[in-house]
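> no FASTA, just this:
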Ligand code: UT7
């Protein structure tokens, strides 16, 4: 018998405002055709003025709680993956804890940029396996529209806002790959690549700053590292690509998603793709894709999923779980 962190509920929230590629044509020197061809993005959502990351995360958390049939005080912990917390502190997680009216347990943020949700899932899994928590809410929530340099056409067209959430709870499994829940995880980072993708603000500057990216270089690392980490996570439990029902990738660029699927020898009919509708929502992209994939009827109970993501740091990793 083995303890497993099993998905009990999923939900998401996207702000009302939808911005199509054509809407950006008047802002910077770009075209709908360029954005679509180079990234696969067609539209993205932007938070309304005054709407914060914790607002989006709270809406996603409520949807996930409803899906799980649980109340806020049934949770032992909340982990939020974000790089766009409302304030430097307190954490977005404690703000969401307060907004949910959860009066016990503990809450904290995890910051691994676009790989944040994979890091947060791994942390939640560790808390559950060690017996420190039984029921954990894992949220990815971001307002990357607030980090854009609106004069930089190579980045400002790529990102969007949104939130997704999963409720994980301890269940007893047989210890085999047939168990539901998280089966393996694989994390990496390499700070030598910190200058490829960063925000030029923080405590060292006294301002929030703007996102800066060497797109081509990040692309090259993504194509190389994502298939590698997904394979590594599968191998840890004796699985291969052939066993995978769905790749649920970080949604940064359709060309990265396709190249990774090809390297893994998984057809695109087994990949959940939302990048066209959400753009790159950083740590929110995987839980958004999980929630949308379930709502579309793609992800079903018992399916074997592999999630993979890479972002600033560089930080990357993957999680294998049975839904
Ligand atoms: O989520 C974290 C991880 N992030 C990523 O995974 C992003 C990884 N990188 C990418 O997705 C791609 O590199 C981009 C979508 C950012 C760029 O695609 P690319 O094929 O690497 O294009 P590029 O940067 O090489 O630019 C090609 C051309 C350049 O013009 P020249 O120098 O060839 O004349 C750019 O100036 O496209 C130009 N360009 C644009 N043109 C129209 C750059 N941005 C735009 C734009 N509209 N928005």
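Received the coordinates, thanks. Nothing here was measured: the structure is a model prediction, and the numbers come from that model.

> Now do the helices in this protein.
Secondary structure of the chain (DSSP state H): helices located at 21-24, 32-39, 53-68, 92-100, 116-129, 153-156, 215-236, 254-263, 275-278, 285-295.

> Looking at these, which is nearest to the ligand?
The ligand lies closest, by CB to the nearest ligand atom, to one member of the helices of the chain: helix 215-236, at 2.9 Å. All C-beta spots, glycine's among them, are computed from the backbone N, C-alpha and C.

> Okay, buried residues for that closest one please.
Buried residues in helix 215-236, counted by 16 or more other CB atoms under 10 Å: 215, 218-219, 221-223, 225-234.

> Over to stretch 38-49?
Buried-residue list, stretch 38-49, by 16+ other CB under 10 Å: 38-47.

> among the buried residues of helix 215-236, which are within reach of the ligand?
Counting by CB under 6 Å from any ligand atom, 215, 218-219, 222 from the buried residues of helix 215-236 sit close to the ligand.

> ok, now which ones touch residue 57?
For residue 57, the contact set (CB atoms under 8 Å, 6 or more residues apart in numbering) comprises 13, 80, 82, 92, 96, 139, 141, 163, 165.

> Highest neighbour count among those?
Using other CB atoms under 10 Å as the neighbour criterion, residue 141 leads the contacts of residue 57 with 39 neighbours.

> Which residues of the stretch 1-150 of the chain lie near the ligand?
So far as CB under 6 Å from any ligand atom goes, the stretch 1-150 of the chain lies against the ligand at 30, 34-35, 38-39, 114.

> Out of these, which is nearest to residue 158?
Nearest to residue 158 among those, counting by CB to CB, is residue 39 at 6.0 Å.

> Grab the nearest non-local neighbour of that closest one.
residue 253 (4.8 Å; CB to CB, 6 or more residues apart in numbering).

> Now for residue 109, how many residues are close by?
Around residue 109 there are 25 residues (other CB under 10 Å).

> What of the one 5 residues further on?
By other CB under 10 Å, the residues close to residue 114 number 32.

> quick one: contacts for residue 184?
With CB under 8 Å, 6+ apart, residue 184 has these contacts: 233-234, 236-237, 319-320.

> ok, now residue 25?
31-32.

> so what's residue 159 bridging to?
Here residue 159 sits in beta bridges with residue 280, as judged by DSSP bridges.

> thinking it is in contact with residue 284, fair?
No. Residue 159 is beyond contact range of residue 284, at 10.6 Å (criterion: CB atoms under 8 Å).

> picking up where we left off before, okay, and which of the buried residues of stretch 38-49 map to strands?
43-46 (DSSP state E).

> Isn't residue 1 up against residue 173?
Yes. With contact defined as CB under 8 Å, residue 1 reaches residue 173; the gap is 7.3 Å.

> count of neighbours near the nearest residue to residue 97 once chain neighbours are set aside?
Once flanking residues are discounted, residue 97 sits nearest to residue 107: 4.2 Å by CB to CB, 6+ apart. Counted by other CB under 10 Å, the residues lying close to residue 107 total 22.
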